[in-house]
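# Just a sequence and a predicted model for now, questions to come.
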Amino acid sequence: MAKIISIANQKGGVGKTTTTTSIGSILASQGFKVLLLDLDDQNDLTLSLPISLSGQTDLFKCIFELGFAKGVKVNPNLVVIPGSPKLQPINFSERIKQHEAYEYENPRFVLKKFLTQIKDKCDFILMDCPPNEELIVQNAFAASDYVIIPTIPHSFSINGVNAVLRLIQKFQKINPELEPLGILITIYDKRNNIDKGVYELCLEQYPSLLFKTPIRINSKLRENSHLGIEIIEYAKQLAENKYPSKFTGYEEFLAVTDELIGRLKMSIA
């Protein structure tokens with residue numbers, strides 16, 4: 001049965017999509033069967049992977065038109081269900097009310113019902129959430145086992161962490177299985193005293209939740225997303241081209257993924 005994990009923070013620009021695609025790619029390279037869901041109407045996750053959207057279904061169509069999951073294969077172990085502009089909060093909410101399969105259901109359980117058919121076919125389902133607490137995010141929390149909270153080392157983003165933790169507490173009333181899996185510091189500059197101070201503060205406030213390895217500022221990570229290449233493949237390309245320095249972004253996400261597997265008490269497939 002798949003471990004279902006939401007990657008969420010109310011704040012935008014904190015690395016949710018990069019976290020989702022990087023961890024998903026690394027898990028797949030380790031032999032796990034991984035499904036990625038793009039819940040954001042901006043399609044950022046979909047656009048950062050090497051897939052063509054031409055003629056493909058998307059999450060909105062799968063839920064409301066097909067009634068079953070139909071993803072796009074990135075590699076033998078990694079599949080993505082693309083996002084859609086129709087996942088905008090108002091449109092998503094209205095479509096639920098109009099759909100005969102869901103009109104009398106709790107609108108927060110639509111995604112959970114949809115995932116029932118596929119959660120025994122993969123090891124991980126990772127969901128890239130938009131930066132809000134709207135209905136699609138509520139659906140993600142109602143369906144998830146865990147939440148990873150990426151955050152940049154800034155006080156405003158840390159406020160977003162606290163908001164996500166409060167939301168998790170609320171949703172434990174309808175989803176008792178839901179737990180925070182970890183807080184991940186991203187876009188971290190170890191030379192910056194503010195960044196170091198915020199990291200230390202997080203370590204003090206969330207000692208059991210903070211992932212040990214922060215994801216530092218890294219131009220190659222930005223290139224990776226911009227080019228739409230899996231992080232594991234980009235790391236191979238850089239190595240083959242004898243790139244003079246280490247791809248630290250890959251190494252750091254590898255360490256985070258190893259820690260994630262350890263927290264879940266799983267072993268590499």
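Sure thing, it's come through. Numbering: from 1, shown residues only.
# any idea of the mean pLDDT in stretch 43-56?
Mean pLDDT, computed over stretch 43-56, is 85.
# Then stretch 193-204?
The pLDDT scores in stretch 193-204 average 90.
# Would you mind measuring from T21 to N75?
Using Cβ to Cβ, to the nearest Å, T21 is found at 12 Å from N75. From N, CA and C alone the C-beta is placed, and that goes for glycine too.
# no wait, E204
Relative to N75, and taking Cβ to Cβ, E204 is found at 40 Å.
# which of these two has more neighbours?
Shown here are E204 and N75; by other Cβ atoms under 10 Å, N75 has more neighbours (14 against 9).
# Which stretches in this structure count as helices?
16-29, 44-47, 59-61, 89-98, 110-115, 135-143, 155-171, 193-205, 219-227, 231-240, 248-263 (DSSP state H).
# how far is the longest one from where the chain is centred?
Looking back up the chat, that one is helix 155-171. Per Cα atoms, centre = their mean, to the nearest Å, the displacement of helix 155-171 from the mean C-alpha position of its chain is 16 Å.
# any residues touching it, and which ones?
Residues from elsewhere that reach helix 155-171, judged by Cβ atoms under 8 Å, 6 or more residues apart in numbering: 8-11, 14, 133, 137-138, 141-142, 147, 149, 151, 178-180, 183, 198, 201-202, 206.
# that older thread, L37 is nearest to which of the helices of the chain?
Closest of these to L37 is helix 59-61, at 6.1 Å (criterion: Cβ to Cβ).
# can you list contacts of the closest one?
Contacts of helix 59-61 (Cβ under 8 Å, 6+ apart): L37, D38, L39, I81, P82, G83, S84, K86, L87, F92, R95.
# could you list every residue that touches E259?
Going by Cβ under 8 Å, 6+ apart, E259 touches G182, F211, K212, T213.
# how many neighbours does the second one have?
Burial of F211, expressed as a neighbour count using other Cβ under 10 Å, amounts to 24.
# Kindly provide the distance from it to K242.
F211 is 30 Å from K242, by Cβ to Cβ.
# swap in the first one?
G182 sits 34 Å away from K242, going by Cβ to Cβ.
# So which of these two has more stuff around it?
More crowded of G182 and K242, by other Cβ under 10 Å: G182, with 21 against 6.
# and the gap between N91 and D41?
For N91 relative to D41 (Cβ to Cβ), the value is 8 Å.
# Of the two, give the one with the bigger neighbour count.
D41 (18 against 14).
# which residues touch the more buried one?
Contacts of D41 by Cβ under 8 Å, 6+ apart are G83, S84, P85, K86, L87, Q88, P130.
# Try it again at 10 Å.
F60, G83, S84, P85, K86, L87, Q88, P89, N91, F92, P130, I136 (Cβ atoms under 10 Å, 6 or more residues apart in numbering).
# Mark which of these are buried, thanks.
Applying 16 or more other Cβ atoms under 10 Å to the contacts of D41, the neighbour count classes F60, G83, S84, L87, Q88, F92, P130, I136 as buried.
# measure the second one to S22 for me?
Pointing back at G83 there. 18 Å.
# what's the answer for the third one, then?
Distance of S84 to S22, given as Cβ to Cβ: 23 Å.
# Dump the contacts of helix 59-61 into TSV; add distance to A163 and pLDDT as well.
Shown next, in TSV, are these (distance: Cβ to Cβ, whole Å; pLDDT from 0 to 100):
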residue	distance to A163	pLDDT
L37	22	98
D38	22	97
L39	17	97
I81	27	96
P82	27	95
G83	23	93
S84	26	92
K86	26	93
L87	21	94
F92	21	93
R95	26	93
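# re the thing from before, identify the contacts common to T21 and N75.
E230.
# Next, the contact list for the residue lying closest to V72 once chain neighbours are set aside, please.
Setting aside the residues directly before and after it, V72 is nearest to I51 in space (Cβ to Cβ, 6 or more residues apart in numbering), at 4.7 Å. Contact partners of I51, counting by Cβ under 10 Å, 6+ apart, are G71, V72, K73, V74, V79, V80, P82, G228.
# What about L126, how many residues nearby?
Look at L126: counted by other Cβ under 10 Å, it has 24 neighbours.
# got a list of what A28 touches?
34-36, 74-79, 123-124, 230, 232, 269.
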